[in-house]
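Undergrad: need coordinates for the below:
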Amino acid sequence: MVKAIWNGKVIAEADRTEIVEGNHYFPSKSLRREFFQPSDTHTICPWKGKAHYYTLLVDGKENSDAAWYYPDPKPAAQKIAGNVAFGKGVRIET
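TA: Prediction:
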């Protein structure tokens, strides 16, 4: 199992992730949704497309824009469509 952990809680857990540019992209069904809040932040990747973000909220602590996903990626990144990756202190255990 691959786990994403922040603030002492497992926020996502999956049998398998897609690894792109060193980031584990978790299937959306593997997220513990109670820890995720939509963000208004968006960025553009030249080959993946427009990224959308989530802010994590765990036990009263907030980690703004710590998770991102591509709901409609460009053709070269289709394998990560809708999957979620993490940064900003989120620990990945494999």
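Undergrad: Asn7 and Pro38, how far apart?
TA: Remark: distance between Asn7 and Pro38 (Cβ to Cβ, to the nearest Å) = 19 Å. For every residue, glycine as well, the C-beta is placed using N, CA and C.
Undergrad: one more: Phe86?
TA: Counting by Cβ to Cβ, the gap from Phe86 to Pro38 is 16 Å.
Undergrad: if you count what's nearby, which of those two comes out ahead?
TA: Set side by side, Phe86 and Pro38 show more neighbours around Phe86, with 23 against 9, by other Cβ atoms under 10 Å.
Undergrad: the more buried one pairs with what?
TA: Ala67 (DSSP bridges).
Undergrad: shouldn't it be in contact with Ala66?
TA: Yes. Phe86 lies in contact with Ala66 (Cβ atoms under 8 Å); the separation is 6.1 Å.
Undergrad: what do the two both touch?
TA: Trp6 (Cβ atoms under 8 Å, 6 or more residues apart in numbering).
Undergrad: in PDB, list the C-alpha atoms belonging to stretch 84-94.
TA: Extracted C-alpha coordinates of stretch 84-94, given in PDB (Å, rounded to 0.1, in the frame of the first residue of the first chain):
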ATOM      1  CA  VAL A  84      -4.300  13.500  -6.900                       C
ATOM      2  CA  ALA A  85      -0.600  14.300  -6.000                       C
ATOM      3  CA  PHE A  86       0.800  15.900  -2.900                       C
ATOM      4  CA  GLY A  87       3.400  18.400  -1.800                       C
ATOM      5  CA  LYS A  88       4.000  20.900   1.000                       C
ATOM      6  CA  GLY A  89       5.100  18.400   3.700                       C
ATOM      7  CA  VAL A  90       2.800  15.500   2.900                       C
ATOM      8  CA  ARG A  91       4.800  12.300   3.500                       C
ATOM      9  CA  ILE A  92       4.500   9.400   1.000                       C
ATOM     10  CA  GLU A  93       5.100   5.900   2.400                       C
ATOM     11  CA  THR A  94       5.500   3.100   0.000                       C
END
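Undergrad: done for today, thanks.
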